[in-house]
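*Asks:* From the sequence below, what's the structure:
(2 chains)
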Amino acid sequence: GEDVEQSLFLSVREGDSSVINCTYTDSSSTYLYWYKQEPGAGLQLLTYIFSNMDMKQDQRLTVLLNKKDKHLSLRIADTQTGDSAIYFCAESSSGSSNTGKLIFGQGTTLQVKP
Amino acid sequence: EPEVTQTPSHQVTQMGQEVILRCVPISNHLYFYWYRQILGQKVEFLVSFYNNEISEKSEIFDDQFSVERPDGSNFTLKIRSTKLEDSAMYFCASSEDPGGETQYFGPGTRLLVL
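*Replies:* The predicted structure is shown next:
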């Protein structure tokens, strides 16, 4: 079945780059997403990438997609303490007749140390 | 910036009681979703809704669950007879895209069933 996996925890120093990784199983996913969740808040859509793209850059965020390996990564340049949050990878389910069903990973907690 | 809102933020109920979780999607969005996250587990899709009909539902979304758009602004999730295992954070999301390419999430309702 469809599944998305992420590592659970990443700790970096302020100013360093963070790379959060994700693997997924559904090779027919149309879109892949990164969501951010701060304590007590909902899921904030950070960025998404269409499956026919390899890379997408948006200010400090770079998304890399390796379709062959079904691997997605999110790189945050110049990580700040305000980037501390849980980051969720998600894929759109191709089996959903395009109803928008998202399959989420378990989330990676990013800790940024001053 | 428009956002999805949810009420209440927290709900405590007794097992067997009915609960209604409320969501106000972004005003020009037509596609609506409910997800839930049991503590320590992944965010799981429950149901998608469009044009007053369920587009897709997961195995979790059994006869105890129902969704409704009672007026032009609210989108509700009803659990008829709550069980202990229904305790979770429930997220509403909305999208203007038919495939739900960009889903915007509310802050969630934390439901605790005692």
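
*Asks:* Run the chain-centre distance for stretch B:59-76.
*Replies:* 7 Å (CA atoms, centre = their mean, to the nearest Å).

*Asks:* Okay, strands next: where are they in the chain?
*Replies:* All of this is about chain A. For chain A, the strands defined by DSSP state E occupy A:4-6, A:9-13, A:18-24, A:31-37, A:43-50, A:55-58, A:61-66, A:71-76, A:85-92, A:102-104, A:108-113.

*Asks:* nope, chain B
*Replies:* Using DSSP E, the strands of chain B run over B:5-7, B:10-13, B:19-24, B:31-37, B:43-50, B:53-57, B:65-68, B:75-79, B:88-95, B:104-105, B:109-113.

*Asks:* what sits up against stretch A:39-59?
*Replies:* For stretch A:39-59, the external contacting residues (CB atoms under 8 Å, 6 or more residues apart in numbering or on different chains) are A:29-38, A:61-67, A:72, A:74, A:85, A:87-88, B:4, B:6, B:43, B:91, B:93, B:101-108. (Glycine included, C-beta is placed from N, CA and C.)

*Asks:* want to throw the strands of chain A into JSON lines with mean pLDDT?
*Replies:* Formatted as JSON lines, those follow (pLDDT from 0 to 100):
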{"stretch": "strand A:4-6", "mean pLDDT": "94"}
{"stretch": "strand A:9-13", "mean pLDDT": "97"}
{"stretch": "strand A:18-24", "mean pLDDT": "96"}
{"stretch": "strand A:31-37", "mean pLDDT": "93"}
{"stretch": "strand A:43-50", "mean pLDDT": "92"}
{"stretch": "strand A:55-58", "mean pLDDT": "94"}
{"stretch": "strand A:61-66", "mean pLDDT": "96"}
{"stretch": "strand A:71-76", "mean pLDDT": "96"}
{"stretch": "strand A:85-92", "mean pLDDT": "94"}
{"stretch": "strand A:102-104", "mean pLDDT": "92"}
{"stretch": "strand A:108-113", "mean pLDDT": "96"}
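
*Asks:* Just send those back as a markdown table, with mean neighbour count too.
*Replies:* Converted to a markdown table, these look like this (neighbours: other CB atoms under 10 Å in any protein chain shown):
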| stretch | mean neighbour count |
| --- | --- |
| strand A:4-6 | 20 |
| strand A:9-13 | 13 |
| strand A:18-24 | 19 |
| strand A:31-37 | 23 |
| strand A:43-50 | 18 |
| strand A:55-58 | 12 |
| strand A:61-66 | 17 |
| strand A:71-76 | 20 |
| strand A:85-92 | 24 |
| strand A:102-104 | 24 |
| strand A:108-113 | 17 |
